[in-house]
Structure formats: C-alpha cells, structure tokens
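>>> with the sequence up front, the predicted model follows.
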Amino acid sequence: MDKKILMKGNEAIGEAAILAGCTHYFGYPITPQNEIPAYMSKRLPQIGGCFLQAESEIAAISMVMGASASGARVMTSSSSPGIALKQEGISYMSGAQLPAVVVNMQRGGPGLGNIAGSQGDYFQATRGGGNGDYRTIVFGPGNVQELADYTIKAFELADKYRMVSMILGDGFLGQMAEGFVLPDKVERLPEKPWALNGAKGRAPRTIASLKLKPDELLEQHNLDLKKVYDEVSEKETIFDTYMADDAEVLIVAYGTSSRVCRKAIRVLRESGIKAGMFRPITLWPYPYKDLTDISKGMKKVLAVEMSHGQMVEDVYMSAGRFVDVDFYGRAGGMLPKVETIIEKVKSYV
Amino acid sequence: MCKIYSYPESLVDTKTHYCAGCGHGIVHKLLAECLDELELREDTILVAPVGCSVLAYNYLKVDGLEAAHGRAPAVATGIKRVNKDKIVISYQGDGDLLAIGTGETIHAANRGENITVIFINNAIYGMTGGQMAPTTMENQVTKTSPYGRDVSDVGYPIRACELINTLENPVYIERCSVHDVKNINRTKKALKKALQYQKDGKGYSFVEVLSMCPTNWGVKPQAGADWVRDVMVPYYPLKLFRDNKEKIND
C-alpha cells in the first residue's frame, strides 16, 4: 500500500501540480490560499521551473496566458476576489483555446467578505465569470486526497481539450491537513504542436481571440468551441455517491458541505432513516443525467451548500424535473449545521 | 550589381488597415528590417496589444499572441519565462501602456524582463475613435475632451521614458519619432539596438516612438507630422535616457 503523508490541502495542490509537470506558476497573495504560492516558490526552482509573484491577479493570469501559449504546463491560484480579477484572462484564454489550471480557494463574499471557506463562487466558476460564450472545466474536490488527484486530472483535461480547468475548493479545504497518498508523477506530457516558439522553418502562427468578421469567423469559432464543450459534457462528468443505493432522501452537496452531509447521513442512518448523498465532483460539466437517474423515486432531494443557493439550480435542472427539491445553505464563511440537515431530512419522511 | 534595398522578408506583402499618414506602418516596416538584419524573424514572438496595432501580427511574419488591453508586458513575461532563448516583443499604444496597463508596464520594467517594449505614442486612442489618452497634450481636443485637455482636472500627459528611467533594472530607454526621415532612421537604430540587447541577454529595453494619428487628430497627413514636431516633441524630448544600463545625463 502506498504510504500516506500529511499535508495541508493547499500544499497538496502544489505538490500535485509539480507531479503533473507544471513548470510555471504565477500568482498574487490572497488568503486563504497563500500556502500554494509559498509552496511553489520553494519547489519550482528546485526542478528548474519558474515561480513569479505578479503585480496583480490580472497580471498573473496574463503571464499564465503567455506561458501557456509557449507550451508550458502552467498554474495560478487565488481566492474569490482575486478570481474575479482573473476572469479577464480566463475569457481571453478560453477564446484563444489556451490550457491552464486555475485554483480558487473560495472565501466569504461578496466584496472583501472574510477569509473563511465559502461556496459562493459556484456561479462564477460554472457559468463563466468572464465575458463571452465559454466554459471552464470545474472540479469540486471533497478532501485533501481529491485536491491532489483532481489537480493532476485538471492539467490532463486542460491540455486534452485546450481549455482552462479550475479547482474549486474553499478556505477550509485548503487549510486543513489530512493524510493522503501522493499521485504518480505524470511521465509523458502531450505534444503541443500549436505552441509559439518562433517560426523556424514553418509558417508563423498567431494565437488570438479577436475575430472581426462576425458572420464568417466568430460564429464558426463559437461553434468550434461548442463542439469541444459538448464532447467534454458527454465524456468527462465525475460524481460520487454515499449510501445512495437504498436511499429515500437524497442529499446533493459538493466539497466541504458534502463532509457535513456525510456526518448527518450517518446519524440519520443510525435512527433508521434512509438518507444518501449524490456528490458531483465535476461541477462543469455537471452530472445532470446521473443525478436525474439516481434521484428518481426519492421522496425528496435536498441540496446543501455554503451559499444561499447556487448549485441548487443545477439540481432543479436535473433531479428537480421529477422530484421535489429543497435547499439548505449558509453563507458568510459559515458551515451548514449537521442538526439542521437532520431536522430537514426527518421532516420529509 | 549589388542589391541595397528590397521589401523586408519579415514584412507581409499585403494591404494595410492603417489610415493614411499613420505611423504604425512605418514602425512595422522598421521592425521588419531590424528582424531581417539581425536574422531574428524565426526566433521572434510578438505580443500584439488592444488598439489599432492589435492586427500587427497580420503584417509581421513572426509568431504572434494577442494580449488583453494593457496586459502585453505580463503576457510577454509569461512567454519569455518559457522561451528564454527567443526574442519577445511587446508592441503597445499609449492607452494600452500608460492607462489600463500602467501596472504591467512598470513591473515588467522593474523586474528587468529580457523583452523589448515598443511604445507608440500618438497622444490619442485610435481604434476606439479618438478619445483622450494619458499622453494627450494639454488643451488637445479629443472625443472625450471636447473642450481640450484640462490639466487641472485630468492631469498632465505622462512621460513614459522618464517614468521608467526611475527604475534600476532597464538596460535601454530611448524616445524617438517617425515624423520625418531623419527621425525614422534614428528610430530604426533604436529598435535594432533594443533587439540586439535582448538577443545578448542584457535585459529590458524600452523604445518610445512619437507617431501620427491624422485621422483622429482631424488633420491631413503632413499636418500630422508637423504637429508631432511642433507640439509633441517639445513636451516629449527625443533623447537617449539609458544605454546598456548607463544613465545618460544631459
């Protein structure tokens, strides 16, 4: 059996990125993700890579864009208000089909909010906080092991589809230390024949998102992007279930809230109430079909979030077509209460 | 027989979208000639800004990447940190470099990134139709300063070379102009020196080029060139500020 090591979630992301072949990191300090740049500033020089603290989040994502266009595996990380600033670059990279991994360790908002964990950026992450018709692949890991594993996966899918991938964690996940097994080092990185490295012996290449003739060019470009997004939706959804097989009430939660729900389900089961959980791991593409199938025949579906209701819209769009959906959430950096979840589920049966 | 002049290999033979009397075409051609002479065409990555020169990659036969407005020096930084042995050029206008991209401009210069920044200063936003720029002259009328730039309200035009000259790391800073032949030749020398320094790994170079925008200034091409000479040059002195890290005092 592989040996477990103990690390904070944020550090686990950093080491996983290195194992994924990430050679470049650009970022700007913000709590509660500061362990990531600190870790990268220590580790990247050891492997001949580059850590650079940028003058702003906008500059950082722009540096990411330049490094990505040059063919490197590159990452940036931030927390909610910083991710808001990065949306410009995320949109430009999406338009130019440049891959990168962006980590958002969410904190309470809106505005400066606070530095505790939150899930208030679900809309921003899954609906594309930037301008234009684009998508990013979004992972919602639920523990330190998954933060590491899905960081590897995020790099893989970003390169495969030439998209931006996002790890959507939160301050609690990033700060907590848990034992986990380091993922295997990625040995073979994909070729990037589109990368910019000087037009030696070939025609010059331009990577741009500007398509000035709307009738001929931009619409086709949008259709090409849609084709990629359709393929990702078809092939790349990931989810997990907990005691859902015989459940009569299905809780839907991701990330840190799913940990609270797991505890509530254990207590409910002890008192004979058949509660279970559906946990989406890819938040975009959202596993609509699987949630729809699993929720059929349930007495109730309860969405639980650390927000006042964002992911619940995806639950309405899937489970909600056949089953009654309820919602419970807390915002402002607060965790949902186990007792409230138990109370709500009890009221359904 | 010896051929002493021909169309630069690095320049695409095509129609231009630039207006009559615009300076961008001149600077593109000079840049192409420098890339030819230094044999850098196949080693160059050009970052195009947002502004009239967003389409610069249509005219230069080099790899190109389009940055968001003002972000070109940060994008160029990302490219250079991966492609250490390539020539990376950030080509920017005045709104891009001194308004929305001031932070990126100052910090790339301060880090001493081994890139070349070419700054086209024509005292106006061209592509959006002639709004006031950070370099718009005092009392200059633009679409958004219809009564003339009021420096008590919006401040004085910013001098980029002087600002960057306060930093320690840049190796080469020069202000040129393309309003007449003599100055066009001087601009070419500056561009060539900047690229040579980058090739030699010396560090950050900054070449400001005063340029014409007759369309948005509402004048004929020759009057545009005269306006650069008579109005811009007195405020933006044409001079070498720093060469090979050495500060030039005058």
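All right, it came through fine. Numbers count the residues shown, from 1 in each chain, chains lettered A, B, ... in the order given.

>>> make it CA atoms for all contacts and neighbour counts henceforth
Noted.

>>> where exactly do the helices run in chain B?
B:24-37, B:72-82, B:94-95, B:102-111, B:151-154, B:160-164, B:181-199, B:214-217, B:221-227, B:233-235 (DSSP state H).

>>> brain fart, the stretch 1-150 of chain A
Here the stretch 1-150 of chain A has its helices, by DSSP state H, counting those that start in this stretch, at A:9-19, A:35-46, A:57-69, A:80-95, A:122-126, A:144-161.

>>> of these, which is nearest chain B?
Among these, the nearest to chain B by CA to the nearest CA is helix A:57-69 (4.1 Å).

>>> need the helices of chain B in TSV with distance to B:V117, mean pLDDT and mean neighbour count, can you?
Listed next are the helices of chain B as TSV, based on distance: least, CA to CA, whole Å; pLDDT from 0 to 100; neighbours: other CA atoms under 10 Å in any protein chain shown:
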stretch	distance to B:V117	mean pLDDT	mean neighbour count
helix B:24-37	12	98	20
helix B:72-82	8	98	30
helix B:94-95	12	96	27
helix B:102-111	9	98	21
helix B:151-154	26	98	10
helix B:160-164	11	98	18
helix B:181-199	9	98	20
helix B:214-217	24	98	21
helix B:221-227	23	98	18
helix B:233-235	20	98	13
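
>>> what mean pLDDT does stretch A:121-132 have?
Average pLDDT, stretch A:121-132: 95.

>>> may I have the phi/psi pair for the closest residue to B:G103 other than its chain neighbours?
Excluding the flanking residues, the one nearest B:G103 by CA to CA, 6 or more residues apart in numbering or on different chains is A:E55, at 7.0 Å. In terms of degrees, to the nearest 10, the main-chain angles of A:E55 are phi -80, psi -10.

>>> wait, isn't A:E55 in contact with B:E104?
Yes. With contact defined as CA atoms under 8 Å, A:E55 reaches B:E104; the gap is 7.2 Å.

>>> count the neighbours of the residue nearest to B:G103 for me.
Neighbourhood size, A:E55 [other CA atoms under 10 Å in any protein chain shown]: 18.

>>> that one: what's it in contact with?
A:Y28, B:G103, B:E104, B:H107 (CA atoms under 8 Å, 6 or more residues apart in numbering or on different chains).

>>> and for B:V12?
B:N58, B:Y59, B:L60, B:K61.

>>> OK, contacts around the first one?
To tie it back to what came earlier, the one meant is B:N58. B:V12.

>>> with adjacent residues omitted, what lies nearest to the residue sitting nearest the centre point of chain B?
Using CA atoms, centre = their mean, the residue of chain B that lies closest to the mean C-alpha position is B:F119, 2.2 Å off. Spatial nearest neighbour of B:F119, excluding adjacent residues (CA to CA, 6+ apart): B:E208 at 4.5 Å.

>>> then A:H308?
Using CA to CA, 6+ apart, the nearest residue to A:H308 is A:G329, at 5.2 Å.

>>> give the bridge partners for that neighbour, please.
A:E305 (DSSP bridges).

>>> neighbours around it, how many?
21.

>>> before we move on, what about B:P237?
With other CA under 10 Å as criterion, B:P237 counts 16.

>>> return the residues in contact with the residue nearest to A:H308.
Contacts of A:G329 by CA under 8 Å, 6+ apart are A:V304, A:E305, A:M306, A:S307, A:H308, A:G309, A:P336.

>>> thought A:Q119 was touching the third one, still the case?
Yes. Under the contact definition of CA under 8 Å, A:M306 touches A:Q119, with a separation of 4.8 Å.

>>> pull up the overlap in contacts between these two.
Common neighbours of A:M306 and A:Q119 (CA under 8 Å, 6+ apart) are A:A331.

>>> and these two? which has more neighbours close in?
Of the pair A:M306 and A:Q119, A:Q119 is the one with more neighbours under other CA under 10 Å, namely 35 against 30.

>>> does the more buried one touch A:F172 like I think?
No. Using CA under 8 Å, A:Q119 is not in contact with A:F172; the gap is 10.6 Å.

>>> can you verify A:G276 is assigned to a strand?
Yes. Counting by DSSP: H, G, I helix; E, B strand; the rest coil, A:G276 is found in a strand.

>>> quick one: it and A:Y242 touch, right?
Yes. Counting by CA under 8 Å, A:Y242 is a contact partner of A:G276 at 5.6 Å.

>>> which residue of the two possesses the greater neighbour count?
Higher neighbour count among A:G276 and A:Y242: A:G276, with 26 against 18, using other CA under 10 Å.

>>> just list whatever residues bridge to that one.
Beta-bridge partners of A:G276, as defined by DSSP bridges: A:L250.

>>> pLDDT weak spots in chain A?
Applying pLDDT under 70 to chain A flags residues A:1, A:213-216.

>>> at 90 what do you get?
Within chain A, the ranges that satisfy pLDDT under 90 run A:1-2, A:128-129, A:208-219.

>>> packing partners of the helix or strand hosting A:V315?
Element membership of A:V315 [criterion: DSSP states H and E] is helix A:312-316. Helices and strands touching helix A:312-316, by 3 or more CA pairs under 8 Å, 6 or more residues apart in numbering or on different chains; DSSP states H and E, are helix A:288-295, strand A:300-305, strand A:325-329.

>>> winner for burial among the ones you listed?
Ranked by mean neighbour count, the helices and strands packed on helix A:312-316 are led by strand A:300-305 with a mean of 26 (mean count of other CA atoms under 10 Å in any protein chain shown).

>>> for that one, output the C-alpha coordinates as PDB.
Extracted C-alpha coordinates of strand A:300-305, given in PDB (Å, rounded to 0.1, in the frame of the first residue of the first chain):
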ATOM      1  CA  LYS A 300     -37.200  14.400  -1.600                       C
ATOM      2  CA  VAL A 301     -33.900  15.800  -2.800                       C
ATOM      3  CA  LEU A 302     -32.100  18.300  -0.600                       C
ATOM      4  CA  ALA A 303     -29.300  20.500  -1.900                       C
ATOM      5  CA  VAL A 304     -26.900  21.700   0.800                       C
ATOM      6  CA  GLU A 305     -24.300  24.500   0.100                       C
END
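
>>> returning to what we had before: pull out the buried positions in the helix holding A:V315.
A:V312, A:D314, A:V315, A:Y316 (16 or more other CA atoms under 10 Å in any protein chain shown).

>>> how near is the residue nearest to the last one when sequence neighbours are not counted to A:V345?
Counting by CA to CA, 6+ apart, the nearest residue to A:Y316 once its immediate chain neighbours are dropped is A:V325, at 6.8 Å. From A:V325 over to A:V345 the distance is 12 Å, taken as CA to CA, to the nearest Å.

>>> overlap of the contact sets of the two?
A:L302.

>>> which members of the buried residues of helix A:312-316 are the farthest-apart pair?
Using CA to CA, the two most remote members of the buried residues of helix A:312-316 are A:V312 and A:Y316, lying 6.2 Å apart.

>>> how about the residues of chain B near chain A?
Within reach of chain A by CA under 8 Å from any CA of the partner chain, chain B has these residues: B:41-45, B:57, B:61-68, B:71-72, B:74-83, B:86, B:103-104, B:107.
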